[in-house]
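Trainee: What follows is a protein structure lacking sequence information:
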């Protein structure tokens with residue numbers, strides 16, 4: 001995942017409305033109207049949020065007769081999760097090393 005695509009994805013997810021849309025889409029595709037229901041904003045505003053999510057590569061739209069359902073790109077979320085996990089695992093390894101170093105003097109004192 002490139003820095004640019006990471007920047008776009010995290011910027012898109014920085015907005016609470018867009019996070020709520022992603023959460024809703026995790027349950028399955030939805031139309032613009034269905035996505036707009038829980039919000040006190042216009043359909044145009046929801047459409048703009050979806051456009052931002054599309055530009056970030058997190059969702060896409062299809063055409064089904066008159067319907068234009070929005071779909072979540074689970075693979076894009078997996079790439080974000082993998083990026084985060086890499087750094088989380090590195091940090092956890094450093095904390096385990098620190099814990100071992102801090103525990104070593106205590107072990108030595110107990111053995112004396």
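Mentor: Thanks, I have it. Note that the structure is predicted; figures quoted are calculated from it, not measured.

Trainee: how about low-confidence regions in this protein?
Mentor: Residues of the chain meeting the criterion pLDDT under 70: 107-112.

Trainee: let's see it at 90
Mentor: Confidence mapping of the chain against pLDDT under 90 gives the ranges 1-3, 64-67, 86-112.

Trainee: Would you report the backbone torsion angles of residue 95?
Mentor: Per-residue torsions, residue 95: phi -70, psi -40 (degrees, to the nearest 10).

Trainee: Equivalent analysis for the one 10 residues further on, please.
Mentor: Backbone geometry at residue 105, expressed as degrees, to the nearest 10, gives phi -60, psi -30.

Trainee: neighbours around it, how many?
Mentor: Residues lying near residue 105 (other CB atoms under 10 Å) number 9. Bear in mind the C-beta positions are built from the backbone N, C-alpha and C, glycine included.

Trainee: same thing with residue 5?
Mentor: Neighbour count of residue 5, defined by other CB under 10 Å: 15.
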